[in-house]
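Student: When you get a sec, could you give me coordinates for this:
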Amino acid sequence: MVENDFRLPPFRALLAFRAAATHGRLVDAAGALGVTESAISHQIRQLETHLRTRLFDRTSRRLVLTETGTRFLARIDPAIRELEAATRAVLPSEGHAVVRVTLPTSMAATWLLPRLGAFEAANPDVDLQLVPTTRVVDLLRDQIDLAIRYGRGNWQDVEKTFLFDDNATPVAAPGLVPDGLQDIEAALKRNRLIVIRTIPDEWREWSRARGLAAPDLGSALELDVTEQALQVAEAGHGIAMGRSPYIEDRLARGTLVTPFGATGPSGAAYYLCRPTGHPLSAPVRRVWRWLLEQAGVSPTERAPSS
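Tutor: Numbering: from 1, shown residues only. From the prediction side, this is the model:
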């Protein structure tokens, strides 16, 4: 019998890589984990040695993930979050109220997580647990309090409140597409397109809405989630379909640009949902109102009192 010598990478190395990839700087990753920058760097190199591949492009001054690094992050991040959630679930609550919110994986990474620290600081008695997933969760069966869902609002057994429209436009690293280019179809042919597997028709829908021929996706790079696609585009490896609210921060920082103009509505939207007829506790109502505030929804859109 041939012995299987497969070994998982050291968990500390996975945490160091994840922190560096999500924070974008070694100093911030080190601060988040309470270690030194050199320790983070050592753990990342140990992980790269274990995987026999580079996870970061070291030709840049910034921490830029390689395509392999982007794919690896997209696979391990949900797994680590599941471990964190499982650990919290068996720990004594110490008087904290637990509120569970499910939402699309990319939305969790790009829109909600950067805001989570402020909520936790203002609400130390509420343990807000995120359940990122690309599937539509049965809220009652899976014991979920609230859900942020993407679509056209045609779900059964939930009460929904509109958060914001889904607006889309191609995005790319600065300089990848020449400024002032008029022939969009030619630009799409000359550059590699990035496709998200869960939204396979987004390029065709965008092109059709603008009277353009559907681009050839035969050589497109297929990735799993929006955050992954944006990171690859940010690194200059192709053009991705950018959607609000995922791209606002990158556009503001200038790491991505919209070479073909501003975003436009796709027909879908994001909604905040709760189980129909299910009473809301005071902590859940607090989270509901906070999520509406983060989305810029009018203060008149209030959570039910029960």
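Student: Domain parsing of the protein, as residue ranges.
Tutor: Residue ranges for each domain of the chain read 11-76, 96-306, as given by automatic domain parsing.
Student: Quick check: which of those is nearest to residue 85?
Tutor: Minimum separation from residue 85 across the domains of the chain (Cβ to Cβ) falls at domain 96-306, 5.7 Å. Heads up, the C-betas are built off the backbone N, CA and C, glycines and all.
Student: And that closest one, how far out from the chain middle?
Tutor: Here domain 96-306 is found 7 Å from its chain centre; the criterion is Cα atoms, centre = their mean, to the nearest Å.
Student: average pLDDT across it?
Tutor: For domain 96-306, mean pLDDT is 85.
Student: Okay, residue 118 and residue 36: tell me how far apart.
Tutor: Residue 118 is 27 Å from residue 36, where distance means Cβ to Cβ, to the nearest Å.
Student: Oops, could you answer that again for residue 212 instead?
Tutor: 51 Å.
Student: Neighbour count: those two, which is higher?
Tutor: residue 212 (15 against 12; other Cβ atoms under 10 Å).
Student: tell me the contacts of the more buried one?
Tutor: 184, 185 (Cβ atoms under 8 Å, 6 or more residues apart in numbering).
Student: Name the SS class of it, please.
Tutor: coil (DSSP: H, G, I helix; E, B strand; the rest coil).
Student: try residue 99
Tutor: strand.
Student: can you pull the contacts of it?
Tutor: Residue 99 is in contact with 126, 127, 128, 129, 145, 146, 283, 284, 287, counting by Cβ under 8 Å, 6+ apart.
Student: try residue 130
Tutor: For residue 130, the contact set (Cβ under 8 Å, 6+ apart) comprises 81, 85, 100, 101, 102, 103, 108, 112, 113, 116.
Student: go on, residue 194?
Tutor: Neighbouring residues of residue 194 by Cβ under 8 Å, 6+ apart: 220, 221, 223, 229, 232, 233, 237, 238, 239, 240, 241.
Student: could you measure residue 286 against residue 255, distance?
Tutor: Going from residue 286 to residue 255 by Cβ to Cβ gives 34 Å.
Student: Start and end of stretch 175-193, how far apart?
Tutor: 16 Å (Cα to Cα, to the nearest Å).
Student: Just the buried positions in that stretch, please.
Tutor: 176, 177, 184, 187, 188, 191, 193 (16 or more other Cβ atoms under 10 Å).
Student: Stretch 221-232 too?
Tutor: 221, 223, 224, 225, 226, 227, 228, 229, 230, 231, 232.
Student: Return the residues in contact with the residue nearest the centre of the chain.
Tutor: Nearest to the mean C-alpha position of the chain, by Cα atoms, centre = their mean, lies residue 106 at 2.0 Å. By Cβ under 8 Å, 6+ apart, residue 106 lies in contact with 225, 226, 227, 228, 246.
Student: Turn the residues you listed into TSV, including secondary structure and distance to residue 294.
Tutor: Converted to TSV, the contacts of residue 106 look like this (DSSP: H, G, I helix; E, B strand; the rest coil; distance: Cβ to Cβ, whole Å):
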residue	secondary structure	distance to residue 294
225	coil	21
226	helix	18
227	helix	18
228	helix	23
246	coil	14
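Student: In those residues, find the pair that's most separated.
Tutor: Longest span within the contacts of residue 106, Cβ to Cβ: 228 and 246, 11.1 Å.
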